[in-house]
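Peer 1: Would you be able to build a 3D model of this:
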Amino acid sequence: MKRLFIIIGILAVIFFGMILYRNTMGKKSNVTIQEIEQIESYLSKIYMWKEITNEALPAFDNINAANDLWFWGVVKKNLEEYEIKYDTIQNKAKELFGQDVQKQFPSEGTEELVYNQELDEYIPTEVDLDTKEDTFLLNNIEKVNNKYIVEIVEYIEDYSSEEAIIVRNTDEEEIGRVNSNEGETQIHEIVKNNIDRFVKKRIYLNQTNMIVEKVEKIN
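Peer 2: Below you'll find the model as predicted:
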């Protein structure tokens, strides 16, 4: 019973920390809490693991110039079926990245989506992840010319220690630690207080359909 109360307490800290974070973001920009939640939800769909795709979110001028490993990795991440038809893959790409997508999934398959000739379907391989969670902090959001211009700070939560969550930048440098029972608020504070040690990126989203159009590295 005591363990249950501890877990509930930790979840409550995380929940209220998220509410505070979104309220603060809304006050310093011209977007609503609902818009922030939609932006965060979409970015979570396209944000990968750098041990799989080298970068969790690479820079590109338009989606058709984006890194293929990342692009198809995102598509695979968002597919729910186990045995997948070719058209399902292409349709998911357009759902995530818009109707202007010109990339064509290789008919022979990839290492991540293996083609089964007998079934004429593609089978996703298992993802072997480490103890490091690639994630991001929303730093600023603006509405400009029917676009959301979103600035994120990239960081890593390292769960290799049982006693603490290690906060690292994308160069794997340790920036700080928080106790394992502390919430995201403390992690965000470490990131914000050391923001010059983290990579920042600017993401351009179409305001109408919430689709990424461009990503650029700020520093």
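Peer 1: Relative to K45, how far out is Y122?
Peer 2: Separation of Y122 from K45 (Cβ to Cβ, to the nearest Å): 20 Å. For glycine as for every other residue, the C-beta is placed from the backbone atoms N, C-alpha and C.
Peer 1: The two: who's more crowded?
Peer 2: In this view Y122 and K45 are compared by other Cβ atoms under 10 Å, and Y122 has more residues nearby, 25 against 13.
Peer 1: Run through the residues that contact the most centrally placed residue in the chain.
Peer 2: Note on the chain: the residue nearest the mean C-alpha position is Y47, at 2.6 Å, using Cα atoms, centre = their mean. By Cβ atoms under 8 Å, 6 or more residues apart in numbering, Y47 lies in contact with 56-57, 134-136.
Peer 1: so how far is stretch 89-101 from its chain's centroid?
Peer 2: 18 Å (Cα atoms, centre = their mean, to the nearest Å).
Peer 1: List of residues touching that stretch?
Peer 2: Stretch 89-101 has contacts (Cβ under 8 Å, 6+ apart) with 45-46, 63-64, 71-72, 74-75, 78-79, 103-105, 113, 122, 206, 209, 211-213.
Peer 1: so what are the domain limits for the protein?
Peer 2: 2-49+130-217, 64-124 (automatic domain parsing).
Peer 1: Now the weakest link among those domains, please, by mean pLDDT.
Peer 2: Mean pLDDT is lowest for domain 2-49+130-217 among the domains of the chain, at a mean of 85.
Peer 1: where along this structure do the strands fall?
Peer 2: Remark: strands assigned in the chain by DSSP state E are 113-116, 121-124, 132-144, 147-158, 164-168, 174-179, 199-206, 211-217.
Peer 1: which residues touch V114?
Peer 2: Counting by Cβ under 8 Å, 6+ apart, V114 touches 122-125.
Peer 1: One more pass at 10 Å, please.
Peer 2: 108, 121-125 (Cβ atoms under 10 Å, 6 or more residues apart in numbering).
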